[in-house]
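Visitor: mind folding the following:
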Amino acid sequence: MRFLGRFIFHIFSNAAAILVTNYFLPSFFSGNLVNLAEVAVILTLINTFIKPLLEFLSAPFIFLTFGLFTLVVNAISIYLLDILSQFITIQNIQELMIATIIISVINFILGTAAKKGFSKE
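Guide: Numbers count the residues shown, from 1 in each chain. Okay, here's the model as predicted:
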């Protein structure tokens, strides 16, 4: 049951991150609320199942770069989202990196706030 609650939280967190990214990069997301939910579910599935494998395979690079290589892993995840969803449009590498940084920061902030909120109970 705990996994399901975290999964649903990550869906909402990813949806918020996509909306904030779309604010800074207006051509990033094109769709309505249902499409946003679909994209958030796809990103959550990527982050739940594919991203840990990518992090495991690139662990030496992550270690050598003191964790900065995780931005590359996150960028690969966002690029996969672009491939799998017709509602996400990434024009170039600069837009990909900006979107990666924004989504990573928003998910980090929301995840940290949620952990602190749940630990108070």
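Visitor: CA only for contacts and neighbour counts going forward, please
Guide: Will do.
Visitor: remind me, longest helix of this structure?
Guide: Longest helix in the chain, counting residues (DSSP state H): helix 93-119.
Visitor: show me how far the helix-or-strand element of the chain with minimal mean pLDDT is from its chain's centre.
Guide: Least confident helix or strand of the chain, by mean pLDDT, DSSP states H and E, is helix 93-119 with a mean of 91. The chain centre lies 7 Å from the centre of helix 93-119; the measure is CA atoms, centre = their mean, to the nearest Å.
Visitor: who does that helix touch, helix- and strand-wise?
Guide: helix 2-24, helix 70-84 (3 or more CA pairs under 8 Å, 6 or more residues apart in numbering; DSSP states H and E).
Visitor: show me which residues of stretch 82-99 are buried.
Guide: Asp82, Ser85, Phe87, Ile88, Thr89, Ile90, Leu96, Met97, Ala99 (16 or more other CA atoms under 10 Å).
Visitor: how about stretch 96-112?
Guide: Leu96, Met97, Ala99, Thr100, Ile101, Ile102, Ile103, Ser104, Ile106, Asn107, Leu110, Gly111.
Visitor: format those residues as a markdown table; extra columns: distance to Tyr23.
Guide: Shown next, in a markdown table, are the buried residues of stretch 96-112 (distance: CA to CA, whole Å):
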| residue | distance to Tyr23 |
| --- | --- |
| Leu96 | 15 |
| Met97 | 15 |
| Ala99 | 11 |
| Thr100 | 14 |
| Ile101 | 14 |
| Ile102 | 10 |
| Ile103 | 12 |
| Ser104 | 15 |
| Ile106 | 13 |
| Asn107 | 16 |
| Leu110 | 17 |
| Gly111 | 20 |
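Visitor: out of the residues you listed, which one sits closest to Thr44?
Guide: Closest approach between the buried residues of stretch 96-112 and Thr44, by CA to CA: Asn107, at 11.0 Å.
Visitor: isn't that closest one up against Ala17?
Guide: Yes. Using CA atoms under 8 Å, Asn107 is in contact with Ala17, at 6.6 Å.
Visitor: sorry, back to before: out of the helices and strands packed on helix 93-119, nearest to Leu57?
Guide: Once those are compared by CA to CA, helix 70-84 is nearest, at 10.1 Å.
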